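Enquirer: Give the three-dimensional model of this entry:
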Amino acid sequence: MTDLMIQLRRSPRTLLERDGHPGPGAGRLALVMGRAGIGKTAFIVGIGIDALLSGQKILHVSLERSVDKIRTWYDDLLMELLRREKKLEHWAAIQLEIERNRHIQTYLGGTFSIDRLKTGLKLMRDYMEFVPQVLILDRLEFEKLSLEDLEKLKAIGAEIGAEIWMSCRTHRDAPQPEAGHLPQPANRVEKGIDLAFDLVPQDGKVRLHVLKDDQKWVNEELNILLNPKTLLLRTGVKR
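Expert: As a prediction, the model looks like this:
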């Protein structure tokens, strides 16, 4: 089953590893940016699926969607991966394995705080023996985040040995970013971001750009095409 799970990996994270842009590393933060509706949540769920298929534990935190909704995102994406490989008969076994290694938390109605997240992680460690290696934070409001907030999140990641992935909505009518800087609103806290990607729509497709890597401005076209529906690698893409 482990071999099949590795075979199923179709997230851009897989190719990024090969191209010298792996996950940010424990205590470091990766940011995925894009306009409304381009598929940031699908992309970040794909990162979670990829981590789970590689045997890592993840915590997915959402500020806008229910636990059931997030779980459905994961189930649908796993189903799509198995359908591609004509391995649907393994759905139940792999889905069970994923459930064991994934925890979902939602903070609806403005109830999220970094202190509450830290408390939740401690409870999971002490009472569930669950320590995530990948921490996904979806739909945090970057207009309200400070550099100090990001440093606190990274300190939490370093303490538990987890890398952090976040999403950020950019706006079509925002001013063009200055050379060597991230677009608004991420530019406010860019010093705290270790790895930054941009999802770029182009002729009905989605391309992945890496803007920043290890505190260096890269702005590199990775020539990675994503399925605009699932944000997984398009069939037949080779590197």
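Enquirer: In this structure, spot the helix with the most residues.
Expert: Taking DSSP state H as the criterion, the chain has its longest helix at helix 67-84.
Enquirer: Check the offset of stretch 91-106 from the chain's centre.
Expert: Mean-position distance between stretch 91-106 and its chain equals 16 Å (Cα atoms, centre = their mean, to the nearest Å).
Enquirer: Over to stretch 199-213?
Expert: When distances are taken as Cα atoms, centre = their mean, stretch 199-213 is centred 15 Å away from the chain's centroid.
Enquirer: From the opening residue of that stretch to its closing one, how far?
Expert: Length of stretch 199-213, first residue to last, Cα to Cα, to the nearest Å: 16 Å.
Enquirer: Buried residues in that stretch, which are they?
Expert: For stretch 199-213, burial by neighbour count (16 or more other Cβ atoms under 10 Å) applies to 199, 200, 206, 207, 208, 209, 210, 211, 212, 213. Yep, even glycine has a C-beta here, placed from its N, CA and C like the rest.
Enquirer: Now do the buried residues in the longest helix of the chain.
Expert: Buried, per 16+ other Cβ under 10 Å, within helix 67-84: 70, 71, 73, 74, 77, 78, 80, 81, 82.
Enquirer: Let me know the angle separating the next helix or strand after it from helix 67-84.
Expert: Sequence order places helix 91-101 as the next helix or strand after helix 67-84, per DSSP states H and E. Counting by axes from the mean of the first three to the mean of the last three Cα atoms, to 10 degrees, helix 91-101 points 140 degrees away from the direction of helix 67-84.
Enquirer: now for helix 91-101, which elements pack on it?
Expert: Counting contacts by 3 or more Cβ pairs under 8 Å, 6 or more residues apart in numbering; DSSP states H and E, helix 91-101 packs against helix 2-8, helix 40-53, helix 67-84.
Enquirer: which one of these lies closest to residue 100?
Expert: helix 40-53 (9.4 Å; Cβ to Cβ).
Enquirer: And the closest one, what does it pack against?
Expert: Using 3+ Cβ pairs under 8 Å, 6+ apart: helix 40-53 touches helix 2-8, helix 12-18, strand 29-35, strand 58-62, helix 67-84, helix 91-101, strand 134-138, strand 163-170.
Enquirer: Redo these as a markdown table? Include mean pLDDT.
Expert: As requested, the helices and strands packed on helix 40-53 are exported to a markdown table (pLDDT from 0 to 100):
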| stretch | mean pLDDT |
| --- | --- |
| helix 2-8 | 65 |
| helix 12-18 | 65 |
| strand 29-35 | 92 |
| strand 58-62 | 96 |
| helix 67-84 | 89 |
| helix 91-101 | 90 |
| strand 134-138 | 94 |
| strand 163-170 | 93 |
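Enquirer: Out of the ones you listed, which gets nearest to residue 126?
Expert: Proximity to residue 126 (Cβ to Cβ) singles out strand 58-62 among the helices and strands packed on helix 40-53, at 14.7 Å.
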